[in-house]
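*Asks:* fold the following.
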Amino acid sequence: MRLLCADERGSVAAELALALPAVVITLLLGASVLGAAAQQVALQDAVADAARLLGRGESAASAQAVVAAAVPSAHMSGHTRGELICASAQVDVRIGGLIRIPLSASSCALSGGL
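*Replies:* Have a look, this model is predicted:
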């Protein structure tokens with residue numbers, strides 16, 4: 001019985017050493033995905049603000065500045081759809097340095113609206 005216990009020594013440490021890198025990588029990827037989701041929310045809010053600015057007659061540069069302040073590497077464009085002025089923005093987010101996810105958001109506001 002004593003030999004069986006002696007053979008088991010260190011097996012928990014060895015299993016932990018094998019499993020720990022996978023757990024750490026999973027946690028880091030999960031945190032990166034949450035960061036990308038937060039950028040998507042910030043991008044959507046910024047595009048809604050930009051559409052309102054364009055609808056009030058502000059310049060495209062000021063609308064771009066609002067989007068760039070929220071998500072620095074985002075590219076915004078505006079266009080008219082009938083009585084609506086729409087803004088859309090795109091940005092690429094890197095997860096773990098290997099995975100690239102394109103994020104986009106769009107919003108419209110009534111032209112000449114308050």
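
*Asks:* can you tell me the SS state at the spatially most central residue of the chain?
*Replies:* Nearest to the mean C-alpha position of the chain, by C-alpha atoms, centre = their mean, lies Ala36 at 2.3 Å. Following DSSP: H, G, I helix; E, B strand; the rest coil, the label given to Ala36 is helix.

*Asks:* which strand or helix spans Ser107?
*Replies:* Ser107 is part of strand 99-110, with elements assigned from DSSP states H and E.

*Asks:* what's the closest non-adjacent residue to the residue nearest to the centre of the chain?
*Replies:* Val93 (4.5 Å; C-beta to C-beta, 6 or more residues apart in numbering). C-beta: built from backbone N, CA, C; applies to glycine.

*Asks:* and for Ala48?
*Replies:* Using C-beta to C-beta, 6+ apart, the nearest residue to Ala48 is Ser107, at 4.2 Å.

*Asks:* any idea what that neighbour is bridged to?
*Replies:* Beta bridges link Ser107 to Ala87 when assigned by DSSP bridges.

*Asks:* quick check, it in contact with Ala87.
*Replies:* Yes: the pair Ser107 / Ala87 is scored as a contact, 5.9 Å apart, by C-beta atoms under 8 Å.

*Asks:* which positions in stretch 69-89 come out as buried?
*Replies:* 70-71, 74, 76, 78, 84-89 (16 or more other C-beta atoms under 10 Å).

*Asks:* from the residues you listed, which land in strands?
*Replies:* Among the buried residues of stretch 69-89, DSSP state E puts 76, 78, 84-89 in strands.

*Asks:* want to throw those into JSON lines with distance to Asp7?
*Replies:* JSON lines is the format used below for these (distance: C-beta to C-beta, whole Å):
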{"residue": "Met76", "distance to Asp7": "65"}
{"residue": "Gly78", "distance to Asp7": "71"}
{"residue": "Leu84", "distance to Asp7": "74"}
{"residue": "Ile85", "distance to Asp7": "74"}
{"residue": "Cys86", "distance to Asp7": "69"}
{"residue": "Ala87", "distance to Asp7": "67"}
{"residue": "Ser88", "distance to Asp7": "64"}
{"residue": "Ala89", "distance to Asp7": "61"}
